[in-house]
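Q: only geometry, no sequence info:
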């Protein structure tokens, strides 16, 4: 009997990852990754707007899958997709995508059929604007960068932009709709919850509440349980047979946890890549309570997981992006001084210097993007003296600050009180950075196991086997 495979896909903030997974071993036999380089300028400027080019993301996705072994793609029996939560993309049904030979292409922004992707990092919804919106019937709060507030902002400030389109979803919902050639997008409860204004207990949008507030409710996608099938491939694609089921797109956070949770109930997963998250699975009987109107967003949120369970999550907007910005600034300073230093050399040097300093009196709070529970907070540098301004001290302080911020959001005592006795570390910014790892061990004082290979793409693929 020939082997069978599932295809796992992660449409991330900066890259696309795909895994071809052997069903019998549940291990990937081939992987591909491609940077999307999809960032595009916003008319609001970089401080307020954060947009990406959907066609570039789709092109990176196609390129990754096309480089997988064709003889194995013919044996794919299911496709699982996950990606960057919260964001929104709009499209015009009937002209948003098409086949060029066996290449499935998404229309460009210039065509007027697909909008930019307004990502989770978008800041157009100010605290004052969010305060003007109706209070959601949900246990989850709302933040700038969430799909529903972004669409509210469009409806009030750029209504002509919305008039061009008749469908909306996350970027991975669009990818799934394209693969299955769906007339209407299908969204999992995981991504619906990430948009805001979704009651997770009843699994329903706050449709009446939104309609009364003037929200264009025709953009709300159909929602199905996590692990459900959105549709099937309408024709063979890169060797994958027509009729192959495609799961409704999932959240990258949930899939990352799913791929790495060796001991559910005892392990917490810390994922630091572009941003930073720490989460663990709540007991099966846990059900969240709706927030009161005067409650602010908590630093710990409860997101839908699989099989009706919830993830307790501290989701920071600041993680590997803070470190990447530091490296970029160092390169910029060197250039201003007349030198050119490759990025990889900067990384190698600062991590070596940071590792040589086991501690520092310098204190950096790297909350450059604010936090969802405190959007107006900004980064700080304090306790500066003549002895702690070297690159090693600054690198150590920056790594120390990234973990201290997560610790403040989800303290060790909170983990232990829920039975967690170990942290599993994943995400490229953490797995490649021994200084960050040492700070996790030092500050949380719990065993840390760093895993590589168990990425969200693997989790998305494995999720297709949940009910097989």
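A: Looks like it arrived, so ask away. Quick caveat, the model's predicted, so the values are computed rather than measured.
Q: CA only for contacts and neighbour counts going forward, please
A: Will do.
Q: helices and strands around the top helix by length along the chain, which ones?
A: As far as residue count goes, and with DSSP state H defining each element, the longest helix of the chain is helix 391-409. Helices and strands touching helix 391-409, as assessed by 3 or more CA pairs under 8 Å, 6 or more residues apart in numbering; DSSP states H and E, comprise strand 276-281, strand 310-316, helix 343-356, strand 363-365, helix 434-444.
Q: what does it contact?
A: Here helix 391-409 makes contact (CA atoms under 8 Å, 6 or more residues apart in numbering) with 276-278, 299-300, 314, 316, 318-319, 323, 350-367, 388, 435-436, 439-440, 443-444.
Q: So for residue 330, what's the nearest residue that isn't a sequence neighbour?
A: Leaving aside its chain neighbours, residue 330 sits nearest to residue 346 (7.7 Å; criterion: CA to CA, 6 or more residues apart in numbering).
Q: shaky segments in the stretch 201-350 of the chain?
A: Where the stretch 201-350 of the chain drops to pLDDT under 70, the residues are 291-297.
Q: Tell me where it has strands.
A: Listed in chain order, the strands of the stretch 201-350 of the chain (DSSP state E, counting those that start in this stretch) span 204-205, 222-224, 229-232, 245-247, 250-251, 267-272, 276-281, 301-304, 310-316.
Q: quick one, domains of this protein?
A: 5-248, 263-451 (automatic domain parsing).
Q: Check the offset of the longest one from the chain's centre.
A: Put plainly, it is domain 5-248. Averaging C-alpha positions (CA atoms, centre = their mean, to the nearest Å) puts domain 5-248 11 Å from its chain's average.
Q: ok, back up a step: past the longest helix of the chain, which element shows up next along the chain?
A: helix 412-417 (DSSP states H and E).
Q: So what angle separates the directions of the helix or strand just after that next one and helix 434-444?
A: Going down the chain from helix 412-417, the next helix or strand is strand 422-426, by DSSP H and E. Using axes from the mean of the first three to the mean of the last three CA atoms, to 10 degrees, the direction of strand 422-426 lies 160 degrees away from that of helix 434-444.
Q: residue contacts, residue 97?
A: Residues near residue 97 by CA under 8 Å, 6+ apart: 104, 105, 106, 107, 178.
Q: Show only the entries of those residues found in helices.
A: residue 178.
Q: Hmm, which of the contacts of residue 97 is lowest in pLDDT?
A: Least confident entry in these, by pLDDT: residue 104, with 78.
Q: how many other residues sit next to that one?
A: 17 (other CA atoms under 10 Å).
Q: so it makes contact with residue 96?
A: No - counting by CA atoms under 8 Å, residue 104 stays clear of residue 96, with 10.8 Å between them.
Q: Where does residue 153 sit: helix, strand or coil?
A: Assigned with DSSP: H, G, I helix; E, B strand; the rest coil, residue 153 falls in the helix class.
Q: Name the nearest residue to it, sequence neighbours excluded.
A: residue 125 is the one closest to residue 153 (CA to CA, 6+ apart), at 6.8 Å.
Q: is it true that the one you found touches residue 152?
A: No - here residue 125 lies out of contact with residue 152, judged by CA under 8 Å, at a distance of 9.1 Å.
Q: ok, back up a step: the longest helix of the chain to helix 434-444, inter-axis angle?
A: Orientation check (the same axes, to 10 degrees): helix 391-409 against helix 434-444 gives 40 degrees.
Q: Could you double-check that the residue nearest to residue 330 sits in contact with residue 328?
A: No - Residue 346 is beyond contact range of residue 328, at 9.0 Å (criterion: CA under 8 Å).
Q: gap between stretch 351-367 and the chain center?
A: In this view, stretch 351-367 has its centroid 27 Å away from the chain centroid, taken as CA atoms, centre = their mean.
Q: buried stuff in it?
A: Within stretch 351-367, the residues that qualify as buried are 351-355, 357, 360-367, counting by 16 or more other CA atoms under 10 Å.
Q: neighbouring contacts of that stretch?
A: So stretch 351-367 is contacted by 317-318, 322, 377-385, 388-389, 391-398, 400-402, 405, 433-435 (CA under 8 Å, 6+ apart).
Q: For the residue of the chain positioned farthest from its centre, give its distance to residue 393.
A: Distance to the chain centre peaks in the chain at residue 386, reaching 39.5 Å (criterion: CA atoms, centre = their mean). Between residue 386 and residue 393 the computed distance is 11 Å (CA to CA, to the nearest Å).
Q: And for residue 173?
A: According to CA to CA, residue 173 stands 43 Å off from residue 393.
Q: now residue 92
A: Distance of residue 92 to residue 393, given as CA to CA: 52 Å.
Q: and if you look at residue 270?
A: Using CA to CA, residue 270 is found at 24 Å from residue 393.
Q: now do residue 74
A: Remark: distance between residue 74 and residue 393 (CA to CA) = 53 Å.
Q: Looking at the two now, which is surrounded by more residues?
A: residue 393 (24 against 16).
Q: Surely residue 429 touches residue 273?
A: Yes - with contact defined as CA under 8 Å, residue 429 reaches residue 273; the gap is 4.7 Å.
Q: where do the contact lists of the two overlap?
A: Joint contacts of residue 429 and residue 273 (CA under 8 Å, 6+ apart) are 319, 320.
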